[in-house]
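> Sequence first, then the predicted structure:
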Amino acid sequence: MRAIGATLPDVEDATAYGGFCLKVRGKMFVCQAMNKEAEPNTLAVRMDFAQRDALLEEDPHTYYLKDHYVNYPCVLVRLSRVHPDALRDLVHGAYRFISATAPKRSPRARTTSRKTARRSLRPKRP
């Protein structure tokens, strides 16, 4: 998953809720499912509800939901069962789904915010 995410623009490898995740411009689109209801070795992949419903109907052995995730636009994916090509397609689809709504940051805005953060860490002069 991380290797697939590394090929996409503006993606950062991060953590959320104690597990790994991929974010595009600060918005998570794939993560390790950390809720206690999720099975071990499961990913939560963001997508629209219609696509999720189709996957659940098509292959319930690979894709599933638990109560905690029902109201979120995502599906749970058993890594032990998903084909590598399907995983690549899921990650790319989740990226497109989230990047369409993720705020666009200009390089100048990132530079300015970093400078401001560095400045705030400096001790004040007497």
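Structure's in. What do you need? Residues are numbered from 1 along each chain as shown.
> Show me where this structure has its helices.
Assigned by DSSP state H, the helices in the chain fall at 2-6, 49-58, 84-99, 107-121.
> Provide the contact partners of the longest one at residue level.
Residues lying outside helix 84-99 but in contact with it, judged by CB atoms under 8 Å, 6 or more residues apart in numbering, are 1, 4-5, 8, 10-11, 22, 24-25, 27-30, 45-48, 51, 62, 73, 77, 79, 82. For glycine as for every other residue, the C-beta is placed from the backbone atoms N, C-alpha and C.
> Okay, and which of these map to strands?
Under the assignment DSSP state E, these contribute Val11, Leu22, Val24, Lys27, Met28, Phe29, Val30, Val45, Arg46, Val77 to strands.
> Turn these into JSON lines, including pLDDT.
Shown next, in JSON lines, are these (pLDDT from 0 to 100):
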{"residue": "Val11", "pLDDT": "94"}
{"residue": "Leu22", "pLDDT": "96"}
{"residue": "Val24", "pLDDT": "94"}
{"residue": "Lys27", "pLDDT": "94"}
{"residue": "Met28", "pLDDT": "95"}
{"residue": "Phe29", "pLDDT": "97"}
{"residue": "Val30", "pLDDT": "97"}
{"residue": "Val45", "pLDDT": "98"}
{"residue": "Arg46", "pLDDT": "97"}
{"residue": "Val77", "pLDDT": "98"}
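> Closest to Glu57 out of these?
Nearest to Glu57, judged by CB to CB, of these is Val77 at 14.9 Å.
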